Structure formats: C-alpha cells, structure tokens
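Novice: Below: sequence and its predicted model.
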Amino acid sequence: MKTISDIKITGIIPARYGSTRFPGKPLALLGDKTLIRRVYEQSSLALKEVYVATDDKRIIDAVNSFGGKAIMTSTTHRSGTDRCAEAVISIEKITGKPVDVIINIQGDEPFIQPEHIRLLASCFYDPSVEIATIIRKVSPDEDLFDPNHPKVVINIKSDAIYFSRSVIPYFRDAEKNEWSSRHTYFKHIGIYGYRKESLLKITSLNPGSLEIAESLEQNRWIENGYTIRTAVADWKSISIDTPEDLETARRFLEKYYPEQKSNS
C-alpha cells in the first residue's frame, strides 16, 4: 500500500480557447501576464507537476513560452473533467510514470491560493477518498439564492450528499432573509481532485437525471454511487467568466499587487 509520500499528485488546468462568453480568455492579459500563466504559476507553488490541457495551439505556444507544460486534447470535451481524463493518459505516456491523483484547477482563477490546492490534495491522504472538492461557508450578508453559485449539503464525514442551484436545506421555520444566520450553508467551489481510476470511470458515465436537472456534473457521480469528500476553505477569489470580470480583476490587481500592473 502506498504511503502519503508515495502518492503522485498532478495538477491539470483545463483551458478552452473558444469560450462563448469570453473567446480567447486564457490568453487575456491581467497585468503583465496572461490568465493561464497566473493560474499555472500559482498552482506550481503547491504542486511539483502541473500541466495545461487545451484544445488550441495558441494556448500550447503561450504556455511553452513561459516554460510551462501543456497537453493538446480533443475539441469535443463537454467539461474540464473530461479534458483532465484525456490529459492524464497523455501525461503518463510522456513521463513514463503513473499518476495517482489529479487536481483539476480552474483556468479562470488567477488569484487561486496554493494553500487551497494543498488542502484539496490532503483529502487523498485518506485512502477511502475517491473524489474531493472545496466548499466554503456562506456569510450572512451574501446572496444565498443566486443559482449561479451552487450549494451543497454534507454528512458528518464531510462527504457531499447533494449539490443544487437551489438553497438546500429549506429552512422551514424562518423567513428567507434569516436562513443564513440560522443555519450553516455551504457554497461549492469548482476545484476537484480525483484518484485516476475514479476519474476514468466517472467520465465514462452517461449524464443522469440529477445532472440534467441542475446542470451540475458532480450530481452524476453521486447518482452513480461515488462519494465526494469536501474540505472547507476560507475562499476569497475572483473568477474570470466575462470581459467585465477581467476588469474587476484588473482593479483588484492594481490595488493589492501594484508591482504587477502592466505599463502597456
């Protein structure tokens, strides 16, 4: 049996060029670096081995230009999870070494903190963990009802029971504006870890009714009997989904990291 020190953990950053809301997003500049470079460098502070998995040569060339490693993958993948599954097979062929755990890092999180990646990776020190993800507590002043921010309920082992765009649980005996002060709610952060065998199996599953209803792929895994371990983090970050988000991130960069502001 492998010990903690024997576990081979590889970070993979799925990166599509053809985003509907923000075409070419991975190569957009944030200060003096592209988004994909910022994510790669932050991830490399936590993991010894990191790859970008993409469907576009322009992204491959950009990653190679700053000394990173990138893998070309299919243009037909439905999700970053599917892209990671193809990429890990290629990585094993290139390196000649098996990968035990894959950390799927969002390519639109330029301010991701290394400690959050380490926290997720540490879930796999428990040999029973198949899949893991990060969640965070909802503060009383947040919009609990935004369907763009999936919620999750967990059991006493910190395994996810269900993910929903609706608020779960429904707090029957309180007004809705009191819910988050009367109960601990959790929002899901879209960074995953998987054991390789589990990753290859879940990407071969057909979408189930729960996934289709919520448009949340993790419900497919639960519906098929997989467990998802969660770790709670104090997550403060800025995701880049649109050009407007990029402007928000630029203001954040200028305020907190003025030395990295581009002069162009």
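Specialist: Here it is on my side, so go on.

Novice: Pretty sure residue 63 sits against residue 69.
Specialist: Yes - if you go by CB atoms under 8 Å, residue 63 and residue 69 touch, sitting 7.0 Å apart. C-betas here are computed from N, CA, C, even on glycine.

Novice: and for those two, which residues touch both?
Specialist: With contacts defined as CB atoms under 8 Å, 6 or more residues apart in numbering, the residues shared by residue 63 and residue 69 are residue 52.

Novice: So the two - more neighbours on which side?
Specialist: More crowded of residue 63 and residue 69, by other CB atoms under 10 Å: residue 63, with 25 against 16.

Novice: name the element that one belongs to?
Specialist: Here residue 63, judged by DSSP states H and E, is contained in helix 57-65.

Novice: In contact with residue 44, which residues?
Specialist: Going by CB under 8 Å, 6+ apart, residue 44 touches 11, 50.

Novice: ditto for residue 35
Specialist: By CB under 8 Å, 6+ apart, the neighbours of residue 35 are 25-29, 107-108, 110, 240, 246.

Novice: Out of those residues, the closest to residue 136 would be?
Specialist: Residue 136 lies nearest to residue 108 out of these, by CB to CB, at 17.3 Å.

Novice: How is the closest one classified with respect to secondary structure?
Specialist: coil (DSSP: H, G, I helix; E, B strand; the rest coil).

Novice: State the distance from residue 102 to residue 15.
Specialist: Applying CB to CB, to the nearest Å, the value for residue 102 to residue 15 is 15 Å.

Novice: Between these two, which is the more surrounded one?
Specialist: The neighbour comparison of residue 102 against residue 15 (other CB under 10 Å) goes to residue 15, with 29 against 26.

Novice: where exactly do the helices run in the stretch 151-264 of the chain?
Specialist: All helices of the stretch 151-264 of the chain, identified by DSSP state H, counting those that start in this stretch, fall at 179-182, 196-202, 209-214, 218-223, 243-256.

Novice: Packing partners of the helix-or-strand element of the chain with minimal mean pLDDT?
Specialist: Across the helices and strands of the chain, the lowest-confidence element by mean pLDDT, DSSP states H and E is helix 243-256, at a mean of 89. Judged by 3 or more CB pairs under 8 Å, 6 or more residues apart in numbering; DSSP states H and E, the packing partners of helix 243-256 are strand 29-30.

Novice: Parallel or antiparallel, list what pairs with the strand it packs on.
Specialist: Paired with strand 29-30 in the same sheet, following DSSP bridges, are strand 33-34 (antiparallel).
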